[in-house]
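Asks: Quick one: sequence and predicted model below, then my questions.
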Amino acid sequence: MRSNLRLPRLSWRFIPVWQRNYLVWKKLAIPSILGNLADPMLYMLGLGYGLGSLLPDVGGMPYLTFLAAGTVAYSTMNAATFEVLYSSFSRMHVQRTWDAILNAPMTLDDVMLGELTWAASKSLLSGLAILAVIWGLGLYGNFWMTLWIVPVVALVGFCFGGMGLVMNAVSPSYDFFLYYFTLVITPMVLLCGVFFPVSQLPPVVQGVSAWLPLTHAIDLARPLVVGRMPDDIALHVVALLIYGSLGYVVALALTRRRLLK
Amino acid sequence: MLKARGLTKKYGDTEVVRGLDLDVRRGECFGLLGPNGAGKTTTLRLLLGLIEPDAGSIELAGIAVPRHAREARMKVGVVPQMDNLDPDFSVRENLLAYGRYFGMSKAAVAARVPTLLEFAGLTSKADAQIAQLSGGMKRRLTLARALVHDPDILFLDEPTTGLDPQARHLIWQGLRRLIGAGKTIVLTTHFMEEAERLTDRLAILDHGRLVAEGAPRALIESHIEPAVVEVYGEGLGDWMRDHAAGVCQRFETVGETLFCYTDHAEDVIAALKQAPALRYLHRPSNLEDVFLKLTGRDLRD
C-alpha cells in the first residue's frame, strides 16, 4: 500500500513511450489533425463572425479576438483531455500496451510520464493551429508577443493531461469519461472566460472561477494575443504546474493500485 | 540464475504466496505447475519485480529484486499469459518498438529483426498487421518480442494455452531451440504434457506453497505407482468391492471411473477378465497423476 503512494521517480526512459505514441499517430496524422482542429476552429470562426458582428467590443477587443484567445486554451485543454482519457485508456485497459511495456525495464512512472508528455505534445499542435489562425487573420496585437503563447499552450496541455490521467486511473470503462466532461470540462468552458468575460458572472461564481485551471490558462493567453504582458504570470504558471503535477502524482498512485495488484 | 527465499505475498487477508523457496539454475528449463489460483502468475510477477513481496528475498540473474528490478529486467524476456502485442503496429514495428523499451538503438533492434522473424517463422508476415495473425502466429511473435534484447532468462506464463496442437508443437520447437542455445527458461503451465516434455525440473504449487519439486521423471517415480488402470462400465461397484483392494496398491473412484494405481498391471488385467462387462484403459502413470494426487481433484475457480 505504502509503495503505491511513493513519489514518482522520473527518468528519461519515458521517451520510448512518447515515441511509440508519436509513431502510431504519424500513421494517421492527417485525419487526426483534421479531426482535432476542425471542430474548435469552426466554433471560433462561426461564433466569432456570426455572433461577433452583433456585439460591441468584449473585454476591450473585438469579439473574434476575444474568442480566439479563449479558444487557444480551450482547444488545447480538449486535445490533452481526449488523449489521456480515450487514447491512454485504450492503451492501458483495452490493448494492454502498458502491461507489455512494464515487462521491459520500464516503470509505471515512465509509462505515465510518456503518456503525459505525449498528450501535451499532441495538444500543443491543437493550440498552435488556433494560433496560426490568429496570425493568419491578423487578430494579434504584437506578433513577437504571441510567440509566448507556444510555451503557454505546452503548459496547458501538461496541466490537463495530468488531470485527465486521474480519470483514466479510476475509470472502469469509456462511458465513465462522460462524467468528467459533463462535471468538469464543460462547466470550466462556461466559467473560465472562453466565450464571455468572467466578470459577467455573479461574484461567488467568479470566486470559483479564479481557482480553475482553465481560467489561469486564459489569463495568460488572452493578454498575449492582444499584445500585453499578462498580470500575475507567476501565479498562473504555478497554478497550471500544480494542477498538472498533482494530477500526475495522484494518477500514478491510483494506477499503481489498479495495475500492480 | 534465479533464487527466491521465503517469498510471501498477501492481498488483504489472503496469502496468495506463502513462504516460497525457488532455485533455477543457469541453462535449465524450470516449470511452475499448479491449479488455477495456486499463485503461479503472482509468483512470476514477484520474481520480475512488478509487485513487491510482503516478505522474502529474490535474486534474479544475480540482481536483487524488487530493489533493482529495472536492471534485472534488462536480462529477462517475458511472454505474458494474454497476448498484448501492439495492435497499432505491424509485426516488424512491434519488434522495433519493443527493443526501444530496453534502451536499444534503432539500428541495434533493426539488425536483430530478421533473426527474430526467422525464429518466429514470420519472415513473410513482417509487414502484416497484428489483427491479421492467427493465434499461433501471435504467440510466436510474442515469444520473438521477448527475445528482442537477447535476454539470459525467459519467463513464459502459460505459453501454449488456447493454441491448437500444430501451433503448440511449433512453440515447443522454438523453446527447445532456446534451451539448446543455453537460455534459462521459467514457464508456468497446466499442460502436464508440456511440462513433461520441456522441463528439466519443475515445482508443483498449491495454495501458494510448494508441494513437490524435482525432475518430471523422478517426481512420477517417487510419488506414484508405475502403472494406472482406469476401469469403467456396468458392475464396477461389485468388482471394486471384490477385487480392487487385492490387486491395486491404491485406488480411487472419480465419477463412474475407478483409477487403480499398481506395480503389477497384469494382475489387475487378469482380475478384470472375470468381469467382461467392464472396460478398461491401461497406461503408464504420468505427471498428471502426480499433480492430481498432490493437489486433489476439486475444481478450482
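Replies: Thanks, I have the structure now. Numbering: from 1, shown residues only, chains lettered A, B, ... in the order given.
Asks: near chain A, which residues of the stretch 51-200 of chain B?
Replies: B:51-52, B:69-71, B:73-74, B:78, B:80, B:82, B:84-89, B:93, B:97-98, B:100-103, B:145-146 (Cβ under 8 Å from any Cβ of the partner chain). C-betas here are computed from N, CA, C, even on glycine.
Asks: Narrow these to those in strands?
Replies: B:V78 (DSSP state E).
Asks: now the stretch 51-200 of chain A, which segments are flagged as low pLDDT?
Replies: Low-confidence segments of the stretch 51-200 of chain A, defined by pLDDT under 70: none present.
Asks: Which residues of it lie near chain B?
Replies: In this structure, the stretch 51-200 of chain A approaches chain B at residues A:95-97, A:99-107, judged by Cβ under 8 Å from any Cβ.
Asks: Please list all residues in contact with B:I63.
Replies: Contacts for B:I63 were tallied using Cβ atoms under 8 Å, 6 or more residues apart in numbering or on different chains; they are B:71-72, B:75.
Asks: Any of the residues of the stretch 51-200 of chain B next to chain A buried? List them.
Replies: Using 16 or more other Cβ atoms under 10 Å in any protein chain shown as the burial test, these include B:51-52, B:69-71, B:73-74, B:78, B:80, B:84-89, B:93, B:97-98, B:100-103, B:145-146 as buried.
Asks: Inside helices: which ones of those?
Replies: Here DSSP state H is the test, and these give B:69-71, B:73, B:93, B:97-98, B:100-101, B:145-146 as lying in helices.
Asks: Could you save those residues as JSON lines and add columns showing pLDDT?
Replies: Formatted as JSON lines, the entries for these read as follows, by pLDDT from 0 to 100:
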{"residue": "B:A69", "pLDDT": "94"}
{"residue": "B:R70", "pLDDT": "94"}
{"residue": "B:E71", "pLDDT": "95"}
{"residue": "B:R73", "pLDDT": "96"}
{"residue": "B:E93", "pLDDT": "97"}
{"residue": "B:A97", "pLDDT": "97"}
{"residue": "B:Y98", "pLDDT": "97"}
{"residue": "B:R100", "pLDDT": "96"}
{"residue": "B:Y101", "pLDDT": "97"}
{"residue": "B:R145", "pLDDT": "97"}
{"residue": "B:A146", "pLDDT": "97"}
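Asks: Run a quick neighbour tally on A:P213.
Replies: The local packing count at A:P213 equals 24, with neighbours defined by other Cβ atoms under 10 Å in any protein chain shown.
Asks: From chain B, how far out is it?
Replies: Distance from A:P213 to chain B, counting by Cβ to the nearest Cβ, to the nearest Å: 30 Å.
Asks: Find the nearest non-adjacent residue to that residue, please.
Replies: The shortest distance from A:P213 to any non-neighbouring residue, by Cβ to Cβ, 6 or more residues apart in numbering or on different chains, is to A:Y243 (4.5 Å).
Asks: Helix or strand for the residue nearest the centre of chain A, just tell me which one.
Replies: Centroid-nearest residue in chain A, with Cα atoms, centre = their mean: A:M77, separated by 2.7 Å. If you go by DSSP states H and E, A:M77 is part of helix A:63-82.
Asks: Name the residues that touch the following helix or strand past that helix?
Replies: As assigned by DSSP H and E, the chain's next helix or strand after helix A:63-82 is helix A:88-89. By Cβ under 8 Å, 6+ apart, the surrounding residues in contact with helix A:88-89 are A:115, A:119, A:164-165, A:168, A:171, A:174, A:177.
Asks: What is the neighbour count of B:E234?
Replies: Here the count is done by other Cβ under 10 Å, and B:E234 has 11 residues near it.
Asks: make that B:H243, sorry
Replies: Counted with other Cβ under 10 Å, residues neighbouring B:H243 total 20.
Asks: Test my guess that it contacts B:A271.
Replies: Yes - at 4.6 Å, B:H243 and B:A271 qualify as touching, with contact defined as Cβ atoms under 8 Å.
Asks: farthest pair in the residues of the stretch 51-200 of chain A next to chain B?
Replies: Across these, the two members that end up farthest from each other (Cβ to Cβ) are A:Q95 and A:P105, 20.6 Å apart.
Asks: So those two - more neighbours on which side?
Replies: When A:Q95 and A:P105 are compared on other Cβ under 10 Å, the one with more neighbours turns out to be A:P105, at 21 against 17.
Asks: Geometrically speaking, which residue is the centre of chain B?
Replies: Closest-to-mean residue, chain B, Cα atoms, centre = their mean: B:T189 / 2.5 Å.
Asks: so that one bridges to which residues?
Replies: Here B:T189 sits in beta bridges with B:L33, as judged by DSSP bridges.
Asks: what's it in contact with, if anything?
Replies: Applying Cβ under 8 Å, 6+ apart, one finds that B:T189 lies in contact with B:31-33, B:158-161, B:195.
Asks: and these as CSV, adding secondary structure?
Replies: Written out in CSV, the entries for the contacts of B:T189 read as follows (DSSP: H, G, I helix; E, B strand; the rest coil):
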residue, secondary structure
B:G31, strand
B:L32, strand
B:L33, strand
B:E158, coil
B:P159, coil
B:T160, coil
B:T161, coil
B:A195, helix
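Asks: Which parts of chain B belong to which domain?
Replies: Chain B breaks down into these domains under automatic domain parsing: B:2-215, B:225-284.
Asks: taking these together, which one is wrapped up most tightly?
Replies: domain B:2-215 (a mean of 19; mean count of other Cβ atoms under 10 Å in any protein chain shown).
Asks: just how off-centre is that domain within its chain?
Replies: 10 Å (Cα atoms, centre = their mean, to the nearest Å).
Asks: Over to stretch A:69-87?
Replies: The chain centre lies 4 Å from the centre of stretch A:69-87; the measure is Cα atoms, centre = their mean.
Asks: and that stretch, C-alpha only, in CSV?
Replies: Presented in CSV, the C-alpha positions along stretch A:69-87 are these (Å, rounded to 0.1, in the frame of the first residue of the first chain):
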residue,chain,number,x,y,z
ALA,A,69,-7.7,33.9,-27.4
GLY,A,70,-10.1,31.7,-25.3
THR,A,71,-10.1,29.0,-28.0
VAL,A,72,-6.3,28.6,-27.9
ALA,A,73,-6.6,27.5,-24.3
TYR,A,74,-9.9,25.6,-24.7
SER,A,75,-8.8,23.7,-27.8
THR,A,76,-5.5,22.7,-26.0
MET,A,77,-7.4,21.6,-23.0
ASN,A,78,-9.8,19.4,-25.1
ALA,A,79,-7.0,17.8,-27.1
ALA,A,80,-5.0,16.9,-24.0
THR,A,81,-8.0,15.6,-22.2
PHE,A,82,-9.2,13.4,-25.0
GLU,A,83,-5.8,12.0,-25.4
VAL,A,84,-5.3,10.9,-21.8
LEU,A,85,-8.8,9.7,-21.4
TYR,A,86,-9.8,7.8,-24.5
SER,A,87,-6.4,7.0,-26.1
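Asks: Run through the helices of the chain in chain order.
Replies: All of this refers to chain A. Listed in chain order, the helices of chain A (DSSP H) span A:2-5, A:15-27, A:29-50, A:63-82, A:88-89, A:97-102, A:108-136, A:143-146, A:149-170, A:177-180, A:186-191, A:203-209, A:213-226, A:233-259.
Asks: I was after chain B.
Replies: So, for chain B - with DSSP H - the helices run B:40-47, B:69-73, B:91-101, B:106-120, B:135-146, B:165-180, B:192-198, B:216-223, B:236-239, B:245-247, B:265-272, B:287-295.
Asks: Which of these sits closest to A:L85?
Replies: Across these (criterion: Cβ to Cβ), the nearest stretch is helix B:91-101, sitting at 22.8 Å.
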